[in-house]
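1. Need coordinates for the below:
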Amino acid sequence: MKFNDVKTHRIKMFDTPEFLNRIKGEDPRMLKYLPLLKKINEYGFITIESQAGVEKKSETFTLSEKSYIIGFIEESRAENFIKHLSINSDKNCLIVHIVDKNFDIPAKYDIPLTIEQTKNNIKVVTHTSTVLPQNWYDMYKKEIKINKSEKVILLLCFDPKFNRDAKNKDGLFSEVLKSLKSC
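-> Residues are numbered from 1 along each chain as shown. Model (predicted):
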């Protein structure tokens, strides 16, 4: 499909029972973020992964998240979007570089996205890289059904701070939407 067709398809997906049930099963806290994520898709950032940047406490540990969003944007809009987000907020936006599947990507150099803190320890629970093997990139494009010929760029946007709710005024999802509207 062409980019705009994929965008239309993905926007409709947000309202399907299958998608809502999948989100409930993966992380029910994300349900309240879906309207904002849907808007982000409407404005031309086709999301494939996201996290809201919320804190979860228990008696024995605290789970802290950085909000992030990974998705495709048309190449013609990428430069202005990246500049706008980087200049007008404290959020980070990086191009995910596509590499050969045999490229060694040591996880120890990844960006921590979720950490678990106990009284005596901090452990990275989830992380992401700024490079992606070609076969994963192809899988993502196939998953969203976008034509190989479409000129798109895969972006990683993330909040440098842990536990800043992505839907707040200065949260990542809100800032991404503002930047999309401006470019």
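2. can you tell me which residues contact H127?
-> A107, D110, I111, P112, L113, T114 (C-beta atoms under 8 Å, 6 or more residues apart in numbering). All C-beta spots, glycine's among them, are computed from the backbone N, C-alpha and C.
3. pLDDT wise, what is the residue nearest to the spatial centre of the chain at?
-> Against the mean C-alpha coordinate of the chain, by C-alpha atoms, centre = their mean, the closest residue is I69 at 1.4 Å. I69 is assigned 98 on the pLDDT scale.
4. next structured bit after the longest helix seen in the chain?
-> Counting by DSSP state H, the longest helix found in the chain is helix 75-88. As assigned by DSSP states H and E, the chain's next helix or strand after helix 75-88 is strand 92-95.
5. buried set for that following strand?
-> Judged by neighbour count using 16 or more other C-beta atoms under 10 Å, the buried positions of strand 92-95 are N92, C93.
6. Quick one: mean pLDDT for whichever helix or strand comes after it?
-> Downstream of strand 92-95, the next assigned helix or strand under DSSP H and E is strand 97-99. Mean per-residue pLDDT for strand 97-99: 95.
7. same question, stretch 5-25
-> Over the span of stretch 5-25, the pLDDT mean works out to 95.
8. Determine how far the last residue of it lies from the first.
-> Here the two ends of stretch 5-25 are set 27 Å apart, with distance taken as C-alpha to C-alpha, to the nearest Å.
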